[in-house]
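**Student:** build me a model:
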Amino acid sequence: MEFSQLIESRRSIRKYKAGMKITEDQVKVMIDAAIQAPTWKNSQTGRYYVALSEDKINYVRNQCLPPFNAASCENVVALIITAYETKRSGFERDGSPTNELGDKWGVYDLGLQNENLILKARETGYDTLIIGIRDVDKLRSGFDIPDSQEIVSVIAVGVRENDAEKPKRKTPEDITRFF
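**Tutor:** Numbers count the residues shown, from 1 in each chain. Below you'll find the predicted structure:
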(Lines give C-alpha, C1' and ligand atoms only; values in the text may rest on other atoms or scores of the structure.)
Protein backbone atom coordinates (compact mmCIF):
# COMPACT_ATOMS: atom_id res chain seq x y z
CA MET A 1 0.00 0.00 0.00
CA GLU A 2 1.40 3.42 -0.92
CA PHE A 3 1.88 5.91 1.91
CA SER A 4 -0.76 8.37 0.66
CA GLN A 5 -3.28 5.51 0.34
CA LEU A 6 -2.34 4.31 3.82
CA ILE A 7 -2.98 7.66 5.51
CA GLU A 8 -6.17 8.19 3.50
CA SER A 9 -7.59 4.79 4.53
CA ARG A 10 -6.79 5.01 8.25
CA ARG A 11 -9.79 5.70 10.48
CA SER A 12 -10.60 5.62 14.18
CA ILE A 13 -12.66 2.43 14.27
CA ARG A 14 -15.28 1.75 16.94
CA LYS A 15 -16.76 -1.52 15.67
CA TYR A 16 -14.61 -4.60 15.08
CA LYS A 17 -15.23 -8.02 13.51
CA ALA A 18 -15.71 -10.89 15.92
CA GLY A 19 -13.48 -13.95 15.84
CA MET A 20 -10.32 -12.26 14.61
CA LYS A 21 -6.87 -12.94 16.10
CA ILE A 22 -3.43 -11.33 16.29
CA THR A 23 -0.08 -12.78 17.35
CA GLU A 24 2.66 -11.33 19.52
CA ASP A 25 4.87 -11.21 16.43
CA GLN A 26 2.29 -9.12 14.55
CA VAL A 27 2.11 -6.67 17.46
CA LYS A 28 5.93 -6.55 17.59
CA VAL A 29 5.95 -5.46 13.92
CA MET A 30 3.71 -2.51 14.90
CA ILE A 31 5.87 -1.65 17.90
CA ASP A 32 9.00 -1.90 15.78
CA ALA A 33 7.46 0.70 13.44
CA ALA A 34 6.81 2.87 16.51
CA ILE A 35 10.43 2.58 17.57
CA GLN A 36 11.56 4.02 14.22
CA ALA A 37 9.99 7.42 15.01
CA PRO A 38 12.31 10.27 15.95
CA THR A 39 12.65 11.13 19.63
CA TRP A 40 14.30 13.93 21.59
CA LYS A 41 18.06 13.28 21.56
CA ASN A 42 17.25 9.67 20.63
CA SER A 43 15.85 9.18 24.15
CA GLN A 44 13.36 6.48 22.99
CA THR A 45 11.17 6.83 26.08
CA GLY A 46 8.01 5.18 24.68
CA ARG A 47 6.79 2.06 26.47
CA TYR A 48 4.05 -0.40 25.47
CA TYR A 49 2.00 -2.83 27.56
CA VAL A 50 -0.07 -5.21 25.43
CA ALA A 51 -3.24 -6.97 26.53
CA LEU A 52 -3.64 -10.00 24.26
CA SER A 53 -5.36 -12.52 26.50
CA GLU A 54 -9.13 -12.40 26.85
CA ASP A 55 -8.73 -11.87 30.62
CA LYS A 56 -6.45 -8.84 30.23
CA ILE A 57 -8.54 -7.35 27.42
CA ASN A 58 -11.65 -7.70 29.57
CA TYR A 59 -9.82 -6.19 32.55
CA VAL A 60 -8.95 -3.08 30.52
CA ARG A 61 -12.43 -2.86 28.95
CA ASN A 62 -14.38 -3.39 32.16
CA GLN A 63 -12.12 -1.85 34.81
CA CYS A 64 -10.07 0.84 33.07
CA LEU A 65 -12.33 2.42 30.44
CA PRO A 66 -15.63 4.30 30.69
CA PRO A 67 -18.64 2.40 29.27
CA PHE A 68 -18.74 4.28 25.95
CA ASN A 69 -15.08 3.43 25.25
CA ALA A 70 -15.48 -0.12 26.53
CA ALA A 71 -18.30 -0.61 24.01
CA SER A 72 -15.98 0.58 21.23
CA CYS A 73 -13.51 -2.15 22.22
CA GLU A 74 -15.81 -5.10 21.73
CA ASN A 75 -14.12 -7.77 19.58
CA VAL A 76 -10.66 -6.13 19.67
CA VAL A 77 -7.69 -8.44 19.24
CA ALA A 78 -5.40 -6.35 21.45
CA LEU A 79 -5.38 -3.31 23.70
CA ILE A 80 -2.05 -1.50 23.85
CA ILE A 81 -1.35 0.78 26.81
CA THR A 82 1.08 3.52 25.81
CA ALA A 83 3.36 5.30 28.23
CA TYR A 84 6.66 7.16 28.30
CA GLU A 85 9.54 7.30 30.73
CA THR A 86 9.39 10.74 32.38
CA LYS A 87 12.21 13.22 33.04
CA ARG A 88 14.29 12.05 30.06
CA SER A 89 12.85 13.52 26.88
CA GLY A 90 13.38 17.31 26.89
CA PHE A 91 15.99 17.27 29.63
CA GLU A 92 19.75 17.65 29.93
CA ARG A 93 21.94 15.00 31.56
CA ASP A 94 21.91 16.98 34.82
CA GLY A 95 18.09 16.73 34.94
CA SER A 96 17.33 20.33 34.02
CA PRO A 97 14.75 20.99 31.30
CA THR A 98 16.28 22.04 27.98
CA ASN A 99 13.44 24.46 27.21
CA GLU A 100 10.08 25.55 28.61
CA LEU A 101 8.35 22.38 27.39
CA GLY A 102 10.36 20.09 29.65
CA ASP A 103 8.59 16.75 30.10
CA LYS A 104 5.98 17.58 27.46
CA TRP A 105 8.49 16.35 24.89
CA GLY A 106 7.79 12.83 26.13
CA VAL A 107 4.15 13.15 25.05
CA TYR A 108 5.24 14.61 21.70
CA ASP A 109 7.69 11.76 21.09
CA LEU A 110 5.11 9.14 22.09
CA GLY A 111 2.62 10.73 19.70
CA LEU A 112 5.09 10.34 16.84
CA GLN A 113 5.68 6.73 17.83
CA ASN A 114 1.96 5.99 18.14
CA GLU A 115 1.30 7.45 14.68
CA ASN A 116 3.81 4.99 13.24
CA LEU A 117 2.19 2.17 15.21
CA ILE A 118 -1.35 2.86 13.99
CA LEU A 119 -0.21 3.32 10.38
CA LYS A 120 1.68 0.01 10.52
CA ALA A 121 -1.43 -1.61 12.01
CA ARG A 122 -3.46 -0.34 9.06
CA GLU A 123 -0.82 -1.49 6.57
CA THR A 124 -0.94 -5.00 8.05
CA GLY A 125 -4.75 -5.26 7.95
CA TYR A 126 -5.66 -4.03 11.44
CA ASP A 127 -7.44 -0.91 12.55
CA THR A 128 -7.16 1.18 15.67
CA LEU A 129 -8.82 3.58 18.05
CA ILE A 130 -6.73 5.77 20.34
CA ILE A 131 -8.44 6.20 23.71
CA GLY A 132 -7.42 8.98 26.08
CA ILE A 133 -10.13 8.59 28.73
CA ARG A 134 -8.86 5.80 31.00
CA ASP A 135 -8.22 4.96 34.63
CA VAL A 136 -4.44 5.26 34.95
CA ASP A 137 -4.33 3.86 38.48
CA LYS A 138 -6.04 0.63 37.43
CA LEU A 139 -3.88 0.38 34.29
CA ARG A 140 -0.76 0.96 36.37
CA SER A 141 -1.65 -1.74 38.91
CA GLY A 142 -3.02 -4.22 36.34
CA PHE A 143 0.12 -4.08 34.18
CA ASP A 144 2.83 -3.28 36.77
CA ILE A 145 3.61 0.07 35.13
CA PRO A 146 6.18 1.93 37.23
CA ASP A 147 5.49 5.40 38.64
CA SER A 148 8.39 6.74 36.55
CA GLN A 149 6.21 6.31 33.46
CA GLU A 150 3.35 8.56 32.37
CA ILE A 151 0.42 6.60 30.91
CA VAL A 152 -0.95 8.43 27.89
CA SER A 153 -3.45 6.26 26.02
CA VAL A 154 -4.92 2.89 25.24
CA ILE A 155 -4.88 1.85 21.60
CA ALA A 156 -7.57 -0.62 20.56
CA VAL A 157 -6.52 -2.94 17.73
CA GLY A 158 -8.86 -5.04 15.63
CA VAL A 159 -10.27 -5.61 12.17
CA ARG A 160 -12.92 -3.09 11.16
CA GLU A 161 -16.40 -4.50 10.72
CA ASN A 162 -17.22 -1.96 8.02
CA ASP A 163 -15.73 1.11 6.42
CA ALA A 164 -16.07 4.27 8.43
CA GLU A 165 -16.82 7.51 6.67
CA LYS A 166 -13.94 9.96 6.65
CA PRO A 167 -14.76 13.14 8.55
CA LYS A 168 -14.16 16.41 6.74
CA ARG A 169 -10.61 17.65 7.19
CA LYS A 170 -9.32 21.19 7.14
CA THR A 171 -7.23 22.26 4.17
CA PRO A 172 -3.66 23.62 4.28
CA GLU A 173 -5.15 27.05 3.59
CA ASP A 174 -7.28 26.75 6.73
CA ILE A 175 -4.37 26.13 9.08
CA THR A 176 -1.22 27.57 7.48
CA ARG A 177 0.32 31.02 7.37
CA PHE A 178 3.27 31.70 5.09
CA PHE A 179 5.61 34.64 5.63
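**Student:** and the strand ranked longest in the chain, what other elements does it pack with?
**Tutor:** With residue count as the measure and DSSP state E as the assignment, the chain has strand 149-158 as its longest strand. Using 3 or more C-beta pairs under 8 Å, 6 or more residues apart in numbering; DSSP states H and E as the contact criterion, the elements in contact with strand 149-158 are strand 78-85, helix 104-123, strand 127-131, helix 136-142. For glycine as for every other residue, the C-beta is placed from the backbone atoms N, C-alpha and C.
**Student:** do I have it right that G106 meets R47?
**Tutor:** No. Under the criterion of C-beta atoms under 8 Å, G106 makes no contact with R47, lying 10.3 Å away.
**Student:** out of the two, which sits in the more crowded spot?
**Tutor:** For G106 and R47, the more surrounded residue by other C-beta atoms under 10 Å is G106, and the numbers stand at 27 against 19.
**Student:** what's near enough to touch the more buried one?
**Tutor:** By C-beta atoms under 8 Å, 6 or more residues apart in numbering, the residues touching G106 are W40, T45, Y84, E85, T86, R88, S89, G90, E150.
**Student:** which pLDDT value goes with the last one?
**Tutor:** Among the per-residue scores, E150 holds a pLDDT of 96.
**Student:** is it bridged to anything, and to what?
**Tutor:** Going by DSSP bridges, E150 is paired in beta bridges with Y84.
**Student:** what about it, distance to W40?
**Tutor:** Here E150 is placed at a distance of 14 Å from W40 (C-beta to C-beta, to the nearest Å).
**Student:** state the pLDDT value of L101.
**Tutor:** At L101, the model reports a pLDDT of 88.
**Student:** thinking it is in contact with V107, fair?
**Tutor:** No. Between L101 and V107 there is no contact, the gap being 9.4 Å when judged by C-beta under 8 Å.
**Student:** list phi and psi for Y16.
**Tutor:** Reported as degrees, to the nearest 10, the phi and psi values for Y16 are phi -120, psi 150.
**Student:** can you pull the contacts of the nearest residue to it once chain neighbours are set aside?
**Tutor:** Residue nearest to Y16 in three dimensions, not counting chain neighbours: G158, with 3.2 Å by C-beta to C-beta, 6 or more residues apart in numbering. Under the criterion of C-beta under 8 Å, 6+ apart, the neighbours of G158 are I13, Y16, K17, M20, N75, V76, V77, A78, Y126, D127.
**Student:** that's all I had, so thanks and see you.
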